[in-house]
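Participant: Sequence and predicted structure below; questions after.
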Amino acid sequence: MTTQDRVERKKRNEMLTNLRKQHPERVKISQAKLKEQRSIRKTLQQVLKTKPHTIPQLAEATGLPAHQVLWYISIMKKYGKVVETGLDEDYEYYLYGLTRETE
């Protein structure tokens, strides 16, 4: 890391520290939201560890609304945490499972 990189990093950290001080409520809300999102992803991963599931099955198992499960599964798929593993027995819904690196 060059000296210029260190200076830029220090400036950025100071700016972020000042913003956090100026907006403590916003920071608190954002941190709570991130904690909730992490918890939801972890819950979905725990269910998917047993076997592949469809969106409706995941919604039922977690108690989350299906549209919210779909959103999280889409994001997890985008970042390589989840893959489509086939279709359910009625050929209506995709089954989703964890990738090897996520297990």
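Facilitator: Good, I have the coordinates. Predicted model only: the values in this text are computed from it and were never measured. Residues are numbered from 1 along each chain as shown.

Participant: Contacts for stretch 33-46, please.
Facilitator: Residues outside stretch 33-46 that contact it (CB atoms under 8 Å, 6 or more residues apart in numbering) are L58, T62, L64, Q68, V69, Y72, I73, M76, K81, L98, T102. No exception for glycine: its C-beta is placed from N, CA and C like everyone else's.

Participant: The same query, at a cut-off of 7 Å, please.
Facilitator: With CB atoms under 7 Å, 6 or more residues apart in numbering as the test, stretch 33-46 has contacts from L58, T62, L64, Y72, M76, L98, T102.

Participant: Just flag the most distant two among the residues you listed.
Facilitator: L64 and T102 (18.7 Å; CB to CB).

Participant: hang on, Y96 in a helix?
Facilitator: No: counting by DSSP: H, G, I helix; E, B strand; the rest coil, one finds Y96 to be strand, located in no helix.

Participant: Can you tell me how far the residue nearest to it when sequence neighbours are not counted is from E60?
Facilitator: Once flanking residues are discounted, Y96 sits nearest to V82: 5.1 Å by CB to CB, 6 or more residues apart in numbering. Remark: distance between V82 and E60 (CB to CB, to the nearest Å) = 17 Å.

Participant: Is there a neighbour count for H53? I'd like the number.
Facilitator: 24 (other CB atoms under 10 Å).

Participant: Run through the chain and note the low-pLDDT ranges.
Facilitator: 102-103 (pLDDT under 70).

Participant: And the strands in it?
Facilitator: With DSSP state E applied, the chain shows strands at 82-87, 94-98, listed in chain order.

Participant: closest one to H53 among those?
Facilitator: strand 94-98 (6.3 Å).

Participant: pretty sure I73 contacts I55?
Facilitator: Yes: assessed by CB atoms under 7 Å, I73 is found in contact with I55 at 6.5 Å.

Participant: Between the two, tell me which one has more neighbours.
Facilitator: I73 (22 against 19).

Participant: From L58, how far out is that one?
Facilitator: Distance of I73 to L58, given as CB to CB: 7 Å.

Participant: same thing with P65?
Facilitator: In terms of CB to CB, P65 sits 11 Å off from L58.

Participant: Figure out which of the strands of the chain is closest to N13.
Facilitator: Of all the strands of the chain, strand 82-87 sits nearest to N13, with 33.8 Å by CB to CB.
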